[in-house]
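Student: Build me a structure from this.
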Amino acid sequence: AYYAQRDELLLRRRELKVQAEMQVIEADRLRRQIEAERAGNAEINKAEMRQRQRELKVWRRLARLSEAEAVTPAVPAAQPAVQPPVQVQPPPRPKQLRARPVGPVILARPPGAPVIISPAPGYSPSQ
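Tutor: Down below sits the predicted model:
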């Protein structure tokens, strides 16, 4: 019985060692995957910022064109009377885009990670 128990404990110790090595390998794989996704997300953010800057330039150009058209209205030649100047309000300017700090983005839940729902639905805070 002693030798059987000893063999079983040795076998269990080997199993635990293999599981620990597999966890290290999985954590390393997950770290490399997250780093690769981070680089891809940075490229997406750069492209979005370029697109927003182009949109702002277009809005500003349209605003300047509409102001120029409002300043020089076409007056028909048949009316010699002088008309009072028309007050034209410029179109509203688009909001300035500001970078907001963003916390860590978790793209996928690691296997075995607990799902935490805070606060639990349907329960009062005192419970």
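Student: Over to Asn41. Which of the three states is it?
Tutor: The three-state label given to Asn41 by DSSP: H, G, I helix; E, B strand; the rest coil is helix.
Student: Tell me the confidence at it?
Tutor: pLDDT recorded at Asn41 is 80.
Student: Ramachandran angles for Asn45?
Tutor: Per-residue torsions, Asn45: phi -60, psi -40 (degrees, to the nearest 10).
Student: Counting neighbours, what do you get for it?
Tutor: 12 (other C-beta atoms under 10 Å). Just so you know, the C-beta spots here come from the backbone N, C-alpha and C atoms, and that holds for glycine as well.
Student: distance of it from Glu8?
Tutor: 55 Å (C-beta to C-beta, to the nearest Å).
Student: Let me see the confidence value for Ala36.
Tutor: Here the pLDDT value assigned to Ala36 is 85.
Student: swap that for Tyr123, please
Tutor: The model's pLDDT for Tyr123 equals 58.
Student: show me where this protein has helices.
Tutor: For the chain, the helices defined by DSSP state H cover 2-71.
Student: residue ranges with poor pLDDT in it?
Tutor: 71-86, 88, 90-91, 94-110, 113-127 (pLDDT under 70).
Student: Kindly recompute the last result at 80.
Tutor: 39-40, 44, 68-127 (pLDDT under 80).
Student: count of residues packed around Ser66?
Tutor: 13.
Student: Ok, Met49 next?
Tutor: 12.
Student: With the one 5 residues further on instead?
Tutor: Neighbourhood size, Arg54 [other C-beta under 10 Å]: 10.
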